[in-house]
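In: sequence? don't have it. structure:
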């Protein structure tokens, strides 16, 4: 009996508003959990091949969730989605400005520098070698992410 999968027709509920649908949150969490399992259980090569599927799962999850009603779940899914696009190996240390290395990372956060110097132009470049290194998956060991896996609908 363990090999039996039960399927339910939920199409009649698709016509209703997502707030009225009792299956919205459980399905969104299922999509999130599937994406999370694919990310945490994959090496770099597999992850790069499956990134389209993971993105689709997370996109549907984000479309189903109301960010005002479920901000923690929405944020977790958005964070995982953003991590598919952002390389972990890009750091402030590899940024250059006008061909020289950035020495003071605090100057990158100084808004007054740009307000006071209207004519100051800057460009930021990233060494291409940092973009092709494997991802390090920041969210693998985050305690907040683990607590989302145990929620029952």
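Out: Looks like it came in fine. What you see is a predicted model, and the numbers here were worked out from it, not measured in a lab.
In: what helices or strands is the longest helix seen in the chain leaning on?
Out: In terms of residue count, the longest helix belonging to the chain (DSSP state H) is helix 44-64. Other helices and strands packing on helix 44-64, by 3 or more Cβ pairs under 8 Å, 6 or more residues apart in numbering; DSSP states H and E, are helix 24-40, helix 71-85. For every residue, glycine as well, the C-beta is placed using N, CA and C.
In: what's the most buried one of the ones you listed?
Out: helix 24-40 (a mean of 18; mean count of other Cβ atoms under 10 Å).
In: Run through the neighbouring helices and strands of it.
Out: Using 3+ Cβ pairs under 8 Å, 6+ apart: helix 24-40 touches helix 44-64, helix 71-85, helix 143-148.
In: so where's this structure shaky on pLDDT?
Out: 1-2, 10-19, 87-153 (pLDDT under 70).
In: Break it into its domains for me.
Out: 1-86, 87-136 (automatic domain parsing).
In: want to throw the helices and strands packed on helix 44-64 into CSV with distance to residue 60?
Out: As requested, those are arranged in CSV below (distance: least, Cβ to Cβ, whole Å):
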stretch, distance to residue 60
helix 24-40, 5
helix 71-85, 10
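In: I appreciate the help and will end here.
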